[in-house]
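K.L.:
Dropping a prediction and its sequence here:
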Amino acid sequence: MGAIRYMKLNQQFAIKKEWLRFPFKRLFLSLGALPIDRSNTLGEKKSAVDAMVDLFANHDELRLVITPEGTRSRVEKWKTGFYYVALKANVPLALGFIDYEKRECGVAKVIYPTGDFKADMKLIMDFYNNFKGKNPENFTVDTELSK
């Protein structure tokens with residue numbers, strides 16, 4: 001979020017709609033919360049991917065930050081929902097980064113998902129393989145997806 005603020009972008013983040021109740025509602029909305037509603041008219045739950053795709057359908061302009069690692073500790077397998085959100089919403093993936101070693105941050109590459117999951121993910125993994133995080137021992141690209 002600090003990098004987004006530094007780049008003077010309007011920051012928003014997805015959050016379960018259930019979190020937007022007293023006493024958190026005003027705080028989260030002021031910080032840019034976008035409620036995710038996973039219910040549908042049949043009383044069944046929508047997937048998180050479909051709920052996020054709905055956000056794009058309901059906003060003229062939206063930049064949604066999704067961290068595919070999903071944690072601050074080392075993971076060997078990335079979550080891939082971000083890819084399917086972009087594919088279904090027909091929006092590009094803007095690959096942002098923070099490189100602590102070079103003291104740089106930004107958005108350096110834009111990928112339009114083609115539907116060829118393996119090829120697209122290889123491009124993404126190749127991109128992120130070049131950056132050093134604050135705790136480099138906690139970061140790895142998904143070795144299965146980078147093949």
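P.N.:
Good, I have the coordinates. Residues are numbered from 1 along each chain as shown.
K.L.:
how about stretch 15-31: buried residues?
P.N.:
15, 20, 28 (16 or more other CB atoms under 10 Å). (Each C-beta comes from the backbone N, C-alpha and C, glycine too.)
K.L.:
What's the end-to-end length of that stretch?
P.N.:
Chord length of stretch 15-31, first to last residue, is 11 Å (CA to CA, to the nearest Å).
K.L.:
can you pull out the helices in this structure?
P.N.:
Ranges of helices within the chain are 2-6, 25-30, 48-57, 81-89, 117-128, based on DSSP state H.
K.L.:
okay, those helices, which one's buried deepest?
P.N.:
Highest mean neighbour count of the helices of the chain: helix 81-89, a mean of 19 (counted as mean count of other CB atoms under 10 Å).
K.L.:
Just the C-alpha atoms of it, please, in CSV.
P.N.:
The C-alpha atoms that make up helix 81-89 are tabulated as CSV, following Å, rounded to 0.1, in the frame of the first residue of the first chain:
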residue,chain,number,x,y,z
GLY,A,81,-7.1,-16.5,-8.5
PHE,A,82,-5.6,-13.2,-9.7
TYR,A,83,-5.1,-14.7,-13.1
TYR,A,84,-8.6,-15.9,-13.4
VAL,A,85,-10.0,-12.6,-12.2
ALA,A,86,-8.1,-10.8,-14.9
LEU,A,87,-9.1,-13.3,-17.6
LYS,A,88,-12.8,-13.4,-16.7
ALA,A,89,-13.0,-9.6,-16.3
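K.L.:
Cool, thanks, signing off.
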